[in-house]
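K.L.:
have a look at this prediction, sequence included:
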Amino acid sequence: DEVEVQDLDDCCSVSYGTFLNAKANEADPHTQYEKAKAIYYGDFGLEEDEEQALSIIKDLVAEHFAPAITLLGTWTLGGLCGLDENHEAGFKLLSEAGQMGDLGAWPEIINCLQNGIGTKKDPEKAFEILKEKKSQSKELKSEYGIAMLRGNGVDANVHKGLKFLNDAAAEGDNRAKRVVAVHLIENNPSTEDIEVIFSLLESAAAEDDRLSLLLLGMVHSEGEIVEKNAELALSYLDRAAALDNSSALNMAGQHYLFGRGCEIDDEKAFSYLNRAVVLGEVEANYYLGFCYYNGFGTEVEHTSAFYCFKEAEPYSWMSTYYLGECYRSGLGVPKDHKKAFEMYLSGAEAGLTECLFAIGRAYYSGEGVSEDDEEAVKWFSLAAAEDHTEAKLYLGICHFQGLGVPEDVDLGVQLIREAAQEGNEEAESFLHAEGYSVEVEEQDDGKTMIEDGVFTLSKDPSARARELYQKLSSADEISGKKTAQILSFR
């Protein structure tokens, strides 16, 4: 929305927020609308106040100000600004604003028709609307290009879709820039394509487009089309996080938690992850729970940790493991060894190393199942084959004492030594108590060995538990939604 040039000149010496406060007292709906948005987001030095923002917008709706009707419809669709989520009412408001001529309403209307939100799903009708209105704004031109590219309501036509998207991108539409960039990323980009990708995303990022900043952070973090650069990735993620992008807050929080491209900063990690969860980033619950569980950036709060792991469990196998740990030890929930075993078994079936070990420990100690040394050895062997330090200790003890397997002191000492070298204090204490040194005798560094069917791996000592968790956190087993195609070890 435009204001008079003279008014802009008059406000040069004061903040835009002060200007909005002054002008909003006048009967100008455009300025009142801009002030409401600034208050909603807490922009331009104005204090964030959803209640006041909603009050201003409702007053403007009563005056039939179309942009305000669009905004109220959008908030109603998503249950934002303190409103109850109501798809039907939101779509009705958007339709009213669209009929009044507000072009900003139409992208939301199109989305509702394409996905059946608040109205009957009708992608064909959505496409006909786009076909009619595509020349009226760069945003609608972009939506038309996307529909053509993806075949929403029409047979897909990649060439034609990209033509309209490139036109919209040239006119400054940031969504069009992102869609073109992602299309190129997903289709084995050439060197020239990669230059186009960064040109488009950097252009949008320069205008603080949150999703473009997120994409740049992801591209530099993953290192698929450009050399991996954790520090540069974090710089983009930080900028997107400052704009309250929940995915960027989650990813940046992990960077600070594990020291990727930065020094470890537990307080900042906790703050980012907590904000991500507040904004609805469900998968951030695992890392927030991890902070509560270990006291990283906050006090140890096992009840909060358990709740976070419970929320993240559909998305994270490591949350399944930690739920088992909570049930096993009564952390934030009543102790329940049988429930813990169920959690471990669920994760073990997916091949999660921590759960493979935990199942062995359950059989070893008779927690939730009958004590069974032979079964314990099987599970410890599976975990040790994945280089799990504590599994090596327990497996070594089994061989050393002849529990579930024939006694083999040499193999037992070898396994326990490896666990000690990797920083396990219990393994070191066991060796000293039995009169053995921690040093490994006549073993080639970095070589794998198979003895009696047990795989072990020599590695440099590591004293920090966090580094082991960092290794786990970068594995596929805890990222993304759980898969039904699991590998059973039973």
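P.N.:
Okay, I see it.

K.L.:
only C-alpha atoms for contact and neighbour calcs from this point on.
P.N.:
Noted.

K.L.:
least trustworthy helix or strand in the chain by mean pLDDT?
P.N.:
strand 454-457 (a mean of 34; mean pLDDT, DSSP states H and E).

K.L.:
for A276, phi and psi?
P.N.:
Backbone torsions for A276, taken as degrees, to the nearest 10, come to phi -60, psi -40.

K.L.:
list the contacts of it.
P.N.:
Applying C-alpha atoms under 8 Å, 6 or more residues apart in numbering to A276 gives the contacts D244, N245, S246, S247, L249, N250, A284.

K.L.:
and F306, by the same measure?
P.N.:
Each residue near F306 by C-alpha under 8 Å, 6+ apart is listed here: G289, Y322, L323, C326, L331, G332, V333.

K.L.:
swap the cut-off to 7 Å and go again
P.N.:
F306 sits next to G289, L323, C326, G332 when contact means C-alpha atoms under 7 Å, 6 or more residues apart in numbering.

K.L.:
nearest to N229, of these?
P.N.:
G289 (27.1 Å; C-alpha to C-alpha).

K.L.:
which other residues reach the helix or strand where the closest one lies?
P.N.:
In this assignment (DSSP states H and E), G289 forms part of helix 284-294. With contacts defined as C-alpha under 7 Å, 6+ apart, helix 284-294 is touched by 250, 270, 273-274, 276-277, 297-302, 304-306, 308-309, 311-312, 319.

K.L.:
among those, the buried ones, what's the PyMOL command?
P.N.:
Buried residues among the contacts of helix 284-294 (16 or more other C-alpha atoms under 10 Å), as a PyMOL selection:
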select buried, resi 250+270+273+274+276+277+297+300+301+302+304+305+306+308+309+311+312+319
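
K.L.:
on that earlier part again, state the mean pLDDT of the helix holding G289.
P.N.:
Averaged across helix 284-294, pLDDT comes to 97.

K.L.:
mind listing what's buried along that helix?
P.N.:
Buried residues in helix 284-294, counted by 16+ other C-alpha under 10 Å: A284, N285, Y286, Y287, L288, G289, F290, C291, Y292, Y293.

K.L.:
just stretch 332-340 next, same as before
P.N.:
G332, K335, D336, H337, K338, K339, A340.

K.L.:
sitting in helices, which of those do you find?
P.N.:
If you go by DSSP state H, the buried residues of stretch 332-340 have H337, K338, K339, A340 in helices.

K.L.:
which residues are in contact with the last one?
P.N.:
What that stands for is A340. With C-alpha under 7 Å, 6+ apart, A340 has these contacts: G324, E325, Y327, R328.

K.L.:
quick one: the strands in the stretch 351-490 of the chain, in order.
P.N.:
448-451, 454-457 (DSSP state E, counting those that start in this stretch).

K.L.:
can you report how many residues neighbour the spatially closest residue to L200 that is not a sequence neighbour?
P.N.:
Leaving out its chain neighbours, the residue that sits closest to L200 by C-alpha to C-alpha, 6 or more residues apart in numbering is K177, at 5.3 Å. For K177, the neighbour count with other C-alpha atoms under 10 Å is 26.

K.L.:
quick one: contacts for G435?
P.N.:
Going by C-alpha under 7 Å, 6+ apart, the list of residues near G435 is empty.

K.L.:
that one and S429, how far apart?
P.N.:
10 Å (C-alpha to C-alpha, to the nearest Å).

K.L.:
give me the contact list for stretch 260-268.
P.N.:
A230, E231, L234, H255, Y256, L257, F258, F296, G297.

K.L.:
in a helix, the last one, correct?
P.N.:
No: in this structure, G297 is coil, not part of a helix, as judged by DSSP: H, G, I helix; E, B strand; the rest coil.

K.L.:
between the contacts of stretch 260-268, which is closest to A206?
P.N.:
Closest approach to A206 among the contacts of stretch 260-268 (C-alpha to C-alpha): L234, at 16.2 Å.

K.L.:
what are the neighbouring residues in contact with the nearest residue to P107 once chain neighbours are set aside?
P.N.:
Nearest residue to P107 in three dimensions, chain neighbours excluded: L140, at 6.6 Å (C-alpha to C-alpha, 6+ apart). Residues near L140 by C-alpha under 7 Å, 6+ apart: P107, L130, K133, K134.

K.L.:
so which of these are in helices?
P.N.:
Using DSSP H, the subset of those located in helices is P107, L130, K133.

K.L.:
on that earlier part again, off-centre distance for the helix holding G289?
P.N.:
Chain-centre distance of helix 284-294: 13 Å, with C-alpha atoms, centre = their mean, to the nearest Å.

K.L.:
surely L46 is in contact with I39?
P.N.:
Yes: the pair L46 / I39 is scored as a contact, 5.8 Å apart, by C-alpha atoms under 7 Å.

K.L.:
which among the ones in helices among the contacts of L140 count as buried?
P.N.:
Listed as buried from those are P107, L130; burial here means 16+ other C-alpha under 10 Å.

K.L.:
now render the ones in helices among the contacts of L140 as JSON lines, adding pLDDT and distance to S381.
P.N.:
Below are these laid out as JSON lines (pLDDT from 0 to 100; distance: C-alpha to C-alpha, whole Å):
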{"residue": "P107", "pLDDT": "94", "distance to S381": "56"}
{"residue": "L130", "pLDDT": "95", "distance to S381": "60"}
{"residue": "K133", "pLDDT": "94", "distance to S381": "65"}
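
K.L.:
now distance to Y363 too, for the ones in helices among the contacts of L140, in CSV please.
P.N.:
Conversion of the ones in helices among the contacts of L140 to CSV gives the following (distance: C-alpha to C-alpha, whole Å):
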residue, distance to Y363
P107, 58
L130, 63
K133, 67
